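Visitor: Only the shape, not the letters, is given here:
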C-alpha cells in the first residue's frame, strides 16, 4: 500500500523555484525510443547522424520530454496530490540532447490559483527549463497542473 500525498496545492507559491534532479541520456534508449516513435535518421543511425546538421546522434525531442516527465514524476507528481494537466505550452527544443548528456530540470511557479468552482483543487502554472551538464539550455516549456487541496475551500496564503 502506498502512502498518501505529501505535497498539496497549498505548498506552491508564485516565484517558487523547484529543482527536479537529473537523468543521464543512454545511447541505446535514444535509438530504441526513436525506432519506435521518431525514426528519423539522426535519432537511429550513427553514420547518418554524423552526416546530418547535428554531426552525431541526438535524442528525439519527444524522448527528451519523456525523460523530463519521469523526473517530474519521481521528484513531484508521485508525492503530490496531482490531478493531471490540461496540457503544456511554449515547448521548445533549444539544443540537441546527445547520448551521455546529463539533464537537469528546474521549474518556477508563475501562478498558483485556487479553483473558484471546485474547492477541492487549485492550478499551478509553471515554467520549466532543462539544462545539460554544461549548464546549457536544452529545452523549455510551460504547463499548468491541477493539485488537490490539503484543506478544500481554504484560501492559498502562499
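Guide: Alright, I've got the coordinates. If you're wondering where the values come from, they're calculated on a predicted model, not measured in any experiment. Residues are numbered from 1 along each chain as shown.
Visitor: For residue 132, which non-adjacent residue is closest in space?
Guide: In this structure, residue 132 finds its nearest non-sequential neighbour in residue 101, 4.8 Å apart by CB to CB, 6 or more residues apart in numbering. Every residue, glycine included, has its C-beta placed from N, CA and C.
Visitor: show me the residues around that neighbour that make contact.
Guide: Going by CB atoms under 8 Å, 6 or more residues apart in numbering, residue 101 touches 24-25, 132-133, 138.
Visitor: neighbour-wise, which of those leads?
Guide: residue 138 (24 neighbours; other CB atoms under 10 Å).
Visitor: Next up, identify which helix or strand it is on.
Guide: Element membership for residue 138 (DSSP states H and E) is strand 137-148.
Visitor: ok, and for that strand, which residues are buried?
Guide: For strand 137-148, a neighbour-count test (16 or more other CB atoms under 10 Å) marks 138-139, 141-148 as buried.
Visitor: again with stretch 3-22
Guide: Neighbour-count burial for stretch 3-22 [16+ other CB under 10 Å]: 5, 7-12, 20.
Visitor: I'd like the distance from that stretch to the chain centre, please.
Guide: Computed by CA atoms, centre = their mean, to the nearest Å, the chain-centroid distance of stretch 3-22 equals 13 Å.
Visitor: For it, which outside residues touch it?
Guide: So stretch 3-22 is in contact with 71-72, 74-76, 79-82, 102-112, 114, 121-122, 124, 126, 147-151, 154, 156-158, going by CB under 8 Å, 6+ apart.
Visitor: Show me those that map onto strands.
Guide: Of these, the ones assigned to strands by DSSP state E are 102-112, 114, 121-122, 124, 126, 147-148.
Visitor: Show me just the buried residues among those residues.
Guide: Counted by 16+ other CB under 10 Å, the ones in strands among the contacts of stretch 3-22 give 103-105, 107, 109, 112, 114, 121-122, 124, 126, 147-148 as buried.
Visitor: What is the most widely separated pair among the residues you listed?
Guide: 103 and 114 (32.6 Å; CB to CB).
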